[in-house]
Every structure is written in C-alpha cells, then in structure tokens.
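Q: kindly generate the corresponding structure for this input.
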Amino acid sequence: MSYFPVFLNLIQEKTLIINERGEIYRINKSGSKKRAELIQRDGYLKVITKLNGKVYAILAHRLIWEYLKGDIAQGYVVHHKNGINFNNDIDNLELVRITDLKKMERKESLSSLAKRVQKAKSKVTPAQLQAVYDKMPKCDRWKYI
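A: Down below sits the predicted model:
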C-alpha cells in the first residue's frame, strides 16, 4: 500500500517541501525548516510522519518521483542513475522495469560502485559523500533503521 496520498496532503499543506535538489524539509509551526529524511543502513532516505496516532513512512526517492513525475506503474521501480541511494535529485532518478534493474545489478557489484565513486571522473567524491552525511540531521534517525 502506498502512503503517497498522506504525504501529498502534507506537501499541499506546506508541512513538507521538496526543493530542486530532491531534498525534503519539514516546516514546523514557527516556520523554520529541518530535513525530513532519515538515512537507512542501505543508504536510502525515508520520510516518516505520525498522524492521528498512526505512523506513515515512504522512501524519499519514491515520494519525489510521484510528486514530480506521477505514478509508479506496477512492475517498475525508481532507480538512482549514479548508484548513490541518497542522491534524490530528480535528474538522477529514472523509472526502470524490475527485470531490467535486476540485470543492471548483476553487471555492477558494490565494489565496482565504490571504485567508480573514487575515480576522478565521478561527480561525487568520497569526501563529498562524507560531507553530505555529516550535514544529515543527527536527531533520532537511527531508531528507525
């Protein structure tokens, strides 16, 4: 079951905002904003909210895709083109058939991804990855992993 309608309502109420870099912020009553995503062990970002005593969660890249591009058809997944699971810039996301994704995953192992990130040709360096991680909110994110 998709909780997209719950989060769409929060976006329409301006409780959540998505910026042009694919970052999701929660706006509190005083008007200040704070990153809404929590990082998981696998590197994906998740957005969690509680409404009327019920907890709702959605992967950030799925929320961004559905909000900006539309529904995710059955049999398809949102894929990070550069392989970095927390880079949710809309230009880095693409809709891929699950069967095609499994073929792609077989070709590229985790070690080859690490080598690609370390090469000079990569757009993101390990230092930049660490800098992004260091800027992530330190709040209670780990209790959701």
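
Q: find the nearest non-adjacent residue to residue 88, please.
A: Excluding the flanking residues, the one nearest residue 88 by Cβ to Cβ, 6 or more residues apart in numbering is residue 22, at 3.4 Å. For glycine as for every other residue, the C-beta is placed from the backbone atoms N, C-alpha and C.

Q: what about the one you found, helix or strand, and which?
A: Using DSSP states H and E, residue 22 sits within no helix or strand.

Q: pLDDT at it, what is it?
A: Note on residue 22: pLDDT of 92.

Q: now stretch 76-90: mean pLDDT?
A: Mean pLDDT, stretch 76-90: 92.

Q: find the least confident helix or strand in this protein, judged by mean pLDDT.
A: Ranking every helix and strand in the chain by mean pLDDT, DSSP states H and E puts helix 110-118 at the bottom, with a mean of 58.

Q: just to revisit the earlier point, ok, the residue nearest to residue 88 - contacts?
A: 60-61, 64, 87-90, 92-93 (Cβ atoms under 8 Å, 6 or more residues apart in numbering).

Q: state the phi and psi torsions of it.
A: phi 80, psi 20 (degrees, to the nearest 10).

Q: from residue 40, how far off is it?
A: The gap separating residue 22 from residue 40 is 16 Å, by Cβ to Cβ, to the nearest Å.

Q: do residue 57 as well
A: As defined by Cβ to Cβ, residue 57 lies at a distance of 10 Å from residue 40.

Q: restricted to helices, list the contacts of residue 22.
A: Residues of the contacts of residue 22 located in helices (DSSP state H): 60-61, 64.

Q: quick one: the helices in the protein?
A: Using DSSP H, the helices of the chain run over 4-12, 60-68, 98-107, 110-118, 126-135.
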